[in-house]
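Trainee: Just to be clear, the model below is a prediction. Sequence and coordinates:
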Amino acid sequence: MGKGPSETGIPSSALSDRISPPFRLIGGDPSFTGTPLKKGAVFRHPFDGEGGQRLWVDSGRSALAVALAALRERGARRAWLPFLCCSSVVEPFLEASFSLRFYGQSGRTPFWTAPPSELRPTKDDVLLFIHYFGFLNEGMAAFLDGLDEARRPFVVEDAVPASLTEGTGRWGDVTLRSFRKFLPVADGAVVASRDAFLAGTVCLGAPDIRRLRLKGWAALGRYLCPDEGRRWLALARQGEERFDGRPRLPSPLSLKILARCDLPSVVAARRRNYERLLEELERHRILDPLHPIAERLPPHVVPQGLPLRLFGGSRDEVLRRLRREGIFCPVDWGVNSLAEAPAEEDAGVARSLLVLPVDQGLNGQALSFIADRVGDALRTGGQPPSLSRRRGDRPATR
């Protein structure tokens, strides 16, 4: 007989009596809901046709750390990063003792089609750019295509938010991808390079089994007992707290799950949910203070979420309200605290950005629930609702 959660080192506090009322999670780490697994299926990703070297690691942050270790050996010391990025992107550069410069990318909607500003890299620099929310970063692609080879820096292409989107990996000397935000695995990321410079640059640690158990039970429990969302949220958070930043090998179990994921079904569901959630927002008549950054999905884009900008009200209060309802947005970045005097347009994007979940496990009822709760937050100006306001029933996500 297999071991239960209490026999695997999971804290008993997370396995207390059944929580009431039901609390279902929407967004956050993907569960097995909506992700078909096929016996004997082969994980075929667009990068399978790329040349060069690929190294599997546990996370996107580890993939970046591996690349930076190799670049330090080559003498790189200065890096250019976008104003709009996650702290997990900045921290590996600081840990590797890079001096940092920041550049902006705004001026039109969607902002990732705009050319970068204040970006003057040299051949000895490292330049990181991001494919935001699953969309190809057309502005940076045009910038890099127009660079003279004598001025071209070493390019790190952060395709983590676009790990399932075709067309990534064409501009970076190194490309990063991670599947934890798209598929029900506790770990699993890839760092790919155009040559073999990654070989021998870092010693990967063994998988953190306790962390993987926490994350694995959270994903499985969310699938089997969806009404007990607070339990699974607590387990997932405890698993994330164990992340120590050391690059590790991916777990064999995650690789086995990835090998059986039905990617075409996942891709179709996420694209469909993007369009359906936009329709729900329009039906609830709340696309006035909220403005979609991209109303249409280009072919081959697999969205990480539905990106919008909030004009009026507090974005941070809306995020807090949604979390209290069990809705977790895939991106909640703020203004980068290390960047000196970011352009007002870039700071404005960071303060107003709201990215709603479009996970493959969400059905029409769940998408309507998201739109309804966003509408509640906006109608109160981003302030907490009246205690007398009636709450609707929570939706099913299966």
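Mentor: Great, that's in hand. Residues are numbered from 1 along each chain as shown.
Trainee: measure residue 182 to residue 302 for me?
Mentor: Distance, residue 182 to residue 302, using CB to CB, to the nearest Å: 7 Å. In short, each C-beta sits where N, CA and C put it, glycine included.
Trainee: Settle it for me: which of these two has more neighbours?
Mentor: Neighbours of residue 182 and residue 302, each counted by other CB atoms under 10 Å, are more numerous for residue 182; the result is 28 against 24.
Trainee: Checking my notes, that one in a strand, right?
Mentor: No - secondary structure of residue 182 (DSSP: H, G, I helix; E, B strand; the rest coil): coil, not part of a strand.
Trainee: Torsion angles phi and psi at it?
Mentor: In terms of degrees, to the nearest 10, the main-chain angles of residue 182 are phi -120, psi -30.
Trainee: same deal with the one 10 residues further on?
Mentor: In this entry, residue 192 is assigned phi and psi values of phi -120, psi 140 (degrees, to the nearest 10).
Trainee: residue ranges for the helices of the chain, please.
Mentor: Using DSSP state H, the helices of the chain run over residues 60-73, 87-95, 138-145, 209-224, 229-241, 252-260, 263-283, 315-324, 344-352, 364-379.
Trainee: could these go into CSV alongside mean neighbour count?
Mentor: Below are the helices of the chain laid out as CSV (neighbours: other CB atoms under 10 Å):
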stretch, mean neighbour count
helix 60-73, 22
helix 87-95, 17
helix 138-145, 18
helix 209-224, 21
helix 229-241, 20
helix 252-260, 16
helix 263-283, 19
helix 315-324, 18
helix 344-352, 18
helix 364-379, 20
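Trainee: what sits in contact with each of residue 182 and residue 302?
Mentor: Common neighbours of residue 182 and residue 302, using CB atoms under 8 Å, 6 or more residues apart in numbering, are 164, 266, 270.
Trainee: Please give me every residue in contact with the first one.
Mentor: Going back to what we said before, that points to residue 164. By CB under 8 Å, 6+ apart, residue 164 lies in contact with 45, 134, 179, 182, 263, 266, 267, 270, 302.
Trainee: And the worst-scoring helix or strand of the chain on mean pLDDT, what does it pack against?
Mentor: Lowest by mean pLDDT, DSSP states H and E among the helices and strands of the chain is helix 344-352, with a mean of 83. Counting contacts by 3 or more CB pairs under 8 Å, 6 or more residues apart in numbering; DSSP states H and E, helix 344-352 packs against strand 306-310.
Trainee: 10 Å instead?
Mentor: strand 306-310, helix 315-324 (3 or more CB pairs under 10 Å, 6 or more residues apart in numbering; DSSP states H and E).
Trainee: Any regions of this structure where pLDDT drops low?
Mentor: 1-22, 40-51, 107-108, 196-201, 334-337, 339-343, 381-398 (pLDDT under 70).
Trainee: List the contacts of residue 97.
Mentor: Residues near residue 97 by CB atoms under 10 Å, 6 or more residues apart in numbering: 68, 72, 77.
Trainee: repeat that for 8 Å
Mentor: Going by CB under 8 Å, 6+ apart, residue 97 touches 72, 77.
Trainee: separation between it and residue 77?
Mentor: The value you get for residue 97 to residue 77, if CB to CB is used, is 8 Å.
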